[in-house]
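> Okay, structure incoming, though there's no sequence with it:
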């Protein structure tokens, strides 16, 4: 809606020679003034001497004298003769900001004359500037890190769709390192031009040449960091430590460094050898336990045949991971035991599960005979197992093995990579999606190892997740009397991939 008008009526004479041009000015609803304090109203504009190719500018101040926030627009009308609009151009540098009532904006009006203008006895036109209320708005918050300034600091509201150029002015001894738009690097072009299609946060990052880098810390998924998310500048070569602080019911899943997954160590440490964007990604797991309660009380239950389960203090010989707490779970079969099982389990109800844990096989490897095998993670549905991941002797080599159901039948076991030759903690993750194009897959130390497709929903959702030794067996029709000792820690059940 056009709520206010400034009408500039021009009657200009041009005969091909230089002349002095004066235009009258009328205002309706807005004020036009010579001074920023609006103390001297503009009633006419002396454009001075004009000739072919001339460009004349004048600065005025426009105040919104209505009762609503409004944008400004400008047009020319009623050219006489009509062909004159081909040779005379009136423009301004209004940026598209929204003016609140009584707000003042500086505007430069520019009159340009074509170098090919023909001889005219006179030229007339109206210049119309309107204040438009109700226009779609977008906010731009411009900030600075380091020592410097910009031509637009703070929050400015613009008409949606306008292009805005923001210039940087480094302090003495500083340089523009780059711009961050909504926290992401967008280069170091100066000025930086953006199209106001939404609300934006734009930050100019200034550093001292060759001696400082910026670190942008962020968090997603429900948590924070220490130091808190924000933009920091460090000297080159500085060692920086950032800790993840999960929110209630959340856990750190991984860190993204410049968009790449760099694991889940907490705190995450990095050296300032470049500009970095570091984001802590949190998830809400279905279930998680590191056995720091000293027992299995968090779990739905324990089941065992021929084996034993307990929570023990971490033996010194296997205390090799920084994130291990004071306790781990231990699952044991004696050498005289045959086949059997011993595991803890958690009841769930999901069409997709990622079951991740750390395992340390203290005894049982190398397996004594070809086809000897035991499993570490099992996923069950209402009618039985849907997928299991474990270790099998394949022609004398201990290898990872994945067994599952594809379609409506059991699939042949799939063999993966060989196990390490020496006992060590291994991050093991089993994922099953029982959708129409379901997938059963295993990850070892964060790398995809085995993948089986076609695991559809014919068997129902995943209802039970088991960790420990849910199956221990030997070759068909042969005894499986060998000792097994497995330690378990850092169990997580989620609906998304869980990083090591």
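Great, that's in hand. Given the structure is predicted, the values throughout are model-derived calculations rather than measurements. Numbering: from 1, shown residues only.

> any idea what sits nearest residue 468, other than its immediate chain neighbours?
Leaving aside its sequence neighbours, residue 468 sits nearest to residue 343 (Cβ to Cβ, 6 or more residues apart in numbering; 3.3 Å). No exception for glycine: its C-beta is placed from N, CA and C like everyone else's.

> wait, what's in contact with the one you found?
If you count contacts by Cβ atoms under 8 Å, 6 or more residues apart in numbering, residue 343 has them with 302-304, 309, 331, 378, 466-470.

> which of these has the most neighbours?
For these, the largest number of neighbours (other Cβ atoms under 10 Å) sits with residue 469, at 30 neighbours.

> and that one, bridged to which residues?
Counting by DSSP bridges, residue 469 forms beta bridges with residue 342.

> Give the full set of residues in contact with it.
By Cβ under 8 Å, 6+ apart, the contact set of residue 469 is 307, 331, 333, 341-343, 374-376, 484, 486.

> got JSON lines for the residues you listed, with pLDDT and distance to residue 226 too?
Shown next, in JSON lines, are the contacts of residue 469 (pLDDT from 0 to 100; distance: Cβ to Cβ, whole Å):
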{"residue": "307", "pLDDT": "89", "distance to residue 226": "42"}
{"residue": "331", "pLDDT": "95", "distance to residue 226": "37"}
{"residue": "333", "pLDDT": "88", "distance to residue 226": "44"}
{"residue": "341", "pLDDT": "89", "distance to residue 226": "43"}
{"residue": "342", "pLDDT": "92", "distance to residue 226": "40"}
{"residue": "343", "pLDDT": "95", "distance to residue 226": "37"}
{"residue": "374", "pLDDT": "90", "distance to residue 226": "42"}
{"residue": "375", "pLDDT": "93", "distance to residue 226": "40"}
{"residue": "376", "pLDDT": "95", "distance to residue 226": "35"}
{"residue": "484", "pLDDT": "90", "distance to residue 226": "42"}
{"residue": "486", "pLDDT": "94", "distance to residue 226": "35"}
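
> correct me, but residue 45 touches residue 109?
Yes: contact criterion Cβ atoms under 8 Å: residue 45 and residue 109 qualify, at 7.4 Å.

> hey, what's in contact with both of those two?
58, 60.

> Nearest to residue 233 among the contacts of residue 343?
Within those, the smallest distance to residue 233 is 45.0 Å, found for residue 467 (Cβ to Cβ).

> so that closest one, which of the three states?
In three-state terms, and counting by DSSP: H, G, I helix; E, B strand; the rest coil, residue 467 is strand.

> for residue 84, same thing?
With three-state DSSP as the criterion, residue 84 reads helix.

> residues near it, how many?
Residue neighbour count, defined by other Cβ under 10 Å, stands at 20 for residue 84.

> how near is it to residue 112?
13 Å (Cβ to Cβ, to the nearest Å).

> And the pLDDT for residue 476?
On the pLDDT scale, residue 476 is placed at 54.

> Identify each buried residue in stretch 284-300, please.
Residues of stretch 284-300 classed as buried: 284-291, 296, 299 (neighbour count, 16 or more other Cβ atoms under 10 Å).

> Those: which two are farthest apart?
Pairwise over the buried residues of stretch 284-300, using Cβ to Cβ, the maximum falls at 284 and 296, 22.5 Å.

> tell me which element the nearest residue to residue 220 once chain neighbours are set aside is part of?
In space, residue 220 comes closest to residue 281 once its chain neighbours are excluded; the distance is 5.5 Å by Cβ to Cβ, 6+ apart. Using DSSP states H and E, residue 281 sits within strand 276-283.

> Next: residue 493.
Following DSSP H and E, one finds residue 493 within strand 484-494.

> could you say what helices and strands that strand packs with?
Helices and strands touching strand 484-494, by 3 or more Cβ pairs under 8 Å, 6 or more residues apart in numbering; DSSP states H and E, are strand 287-289, strand 327-333, strand 352-363, strand 462-473.

> starting at the chain centroid, how far to it?
Its chain's average C-alpha position is 31 Å from that of strand 484-494, according to Cα atoms, centre = their mean, to the nearest Å.
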